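S.K.: Build me a model from this:
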Amino acid sequence: MPPRQHPKLIITVAPVGSYATTADTPHIPVTPDALIEDGIKCWEAGASILHYHARDKDQKPCLDYDFFARVLEGLRKHTRLIVQISTGFRSPAHRDDRIRAVDLRPDMMSLNVGSVNLPKGPYPNDPADVEYYAGKMIEYGVKPEIECFDLSHIYAGIGLWKRGLIKDPPFFDMVMNIRTALPYHPRHLVHMVDTIPEGALWSVIGVGPAQLPATTMGIIMGGNCRVGLEDNLFYRYNELATNAQLVERVVRLAGELQREVATPDEARAMLRIENS
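M.R.: Reported below is the predicted structural model:
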C-alpha cells in the first residue's frame, strides 16, 4: 500500500526570540545584519517562513520599528522567504507599539490570542487588543499566525475567524513545552489538532528538548513545524545548534518520513498570503 499523501511540509525557523543572548550561544543573531545572513542560510537549507523578534544594542527585546524594517528589506532582497514579524512582547507596551510594524506589510505577523504564564512572569493579551491586532492585519493584508499556548487559545482563534477577522485558511501554531505552560505530549498535540476547524492549517513548536519529538510528530501527522534558536539552543545534549542545522535536520526527517518540503512560494499559495 502506498504511503498516505499529506500536503507539503511548511518549515518555519525562529532564529531569535526574547531571551537568549550571545552569552548563551554565539550562534544567535541579535543584529539586523546577522539576522539577514542567518535567514539566507536557513532559506538555502529549506525553510519557508522566518519569524523574528527585535533586539536593542544591549540584546534586550524591543519593538524597534527600524530593526523590523531593515530585516524585512534584507530578507526580501536576498531570499524568497515568507517573513513573519513577531508582535510578542511581555513587558508593558501600548498596543499600537506592538502592532506598529504592520504598516511595513510583512507577509505574516504572529497573533497571540490569549494570556499565559511564562517562566519570567505573566504574558497578558487582552481580548480587546487581540481584536485590534487582527483588524490591523486584515487592513494591511498581513496573514496572522494564531499562537496557541493552550486549548482555549484555539477557541479564541476560531472565534476571530468566524467573525471574519482572520481570513481562510486560519493558521494555528501549537506552542508546547514552555515551563509553567502546556507541556509537550503527543496526546496533547493530537487533541489540539482535533479541535481546529476543517480546512485550517497548523504547525507545532516544541520548546527545548521537545523540539525534535514535536517536529517529528508534526511531520507524521500531516501538519507543519517550527524550529530555531528562539525555542531551542541545542542540536543534541550539550551540543549547541545553529539555525541552519535545525532546518537541515527537519528536511532530512521529512525525506525519511516521505513528506515533501514546501518551497516559500508553495507555502504562500497554501496559506493564501497576499503580500510578497
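S.K.: those helices in the stretch 101-250 of the chain, which residues are they?
M.R.: 127-140, 151-162, 186-195, 211-220, 243-256 (DSSP state H, counting those that start in this stretch).
S.K.: and these, which is most packed in?
M.R.: helix 211-220 (a mean of 22; mean count of other Cβ atoms under 10 Å). To be clear about C-beta, it is placed using only N, CA and C from the backbone, and glycine gets the same treatment.
S.K.: So which residues make contact with that one?
M.R.: Helix 211-220 is contacted from outside by 9, 176-177, 184, 186, 189, 203-206, 224-225, 227, 231-232, 246, 249-250, 253-254, 257, 259, using Cβ atoms under 8 Å, 6 or more residues apart in numbering.
S.K.: For that helix, give the mean pLDDT please.
M.R.: Here helix 211-220 scores 98 as its mean pLDDT.
S.K.: ok now it, how far from the chain's centre?
M.R.: Its chain's C-alpha centre and that of helix 211-220 lie 15 Å apart, by Cα atoms, centre = their mean, to the nearest Å.
S.K.: angle of that helix against helix 186-195?
M.R.: If you take axes from the mean of the first three to the mean of the last three Cα atoms, to 10 degrees, helix 211-220 sits at 40 degrees to helix 186-195.
S.K.: Output helix 211-220 as PDB - backbone C-alpha positions only.
M.R.: Extracted C-alpha coordinates of helix 211-220, given in PDB (Å, rounded to 0.1, in the frame of the first residue of the first chain):
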ATOM      1  CA  GLN A 211      11.700  20.300  19.700                       C
ATOM      2  CA  LEU A 212      12.800  17.100  17.900                       C
ATOM      3  CA  PRO A 213       9.900  14.900  19.000                       C
ATOM      4  CA  ALA A 214       7.300  17.600  18.400                       C
ATOM      5  CA  THR A 215       8.800  18.300  15.000                       C
ATOM      6  CA  THR A 216       8.600  14.600  14.100                       C
ATOM      7  CA  MET A 217       5.000  14.400  15.200                       C
ATOM      8  CA  GLY A 218       4.100  17.400  13.100                       C
ATOM      9  CA  ILE A 219       5.600  15.700  10.100                       C
ATOM     10  CA  ILE A 220       3.900  12.400  10.700                       C
END
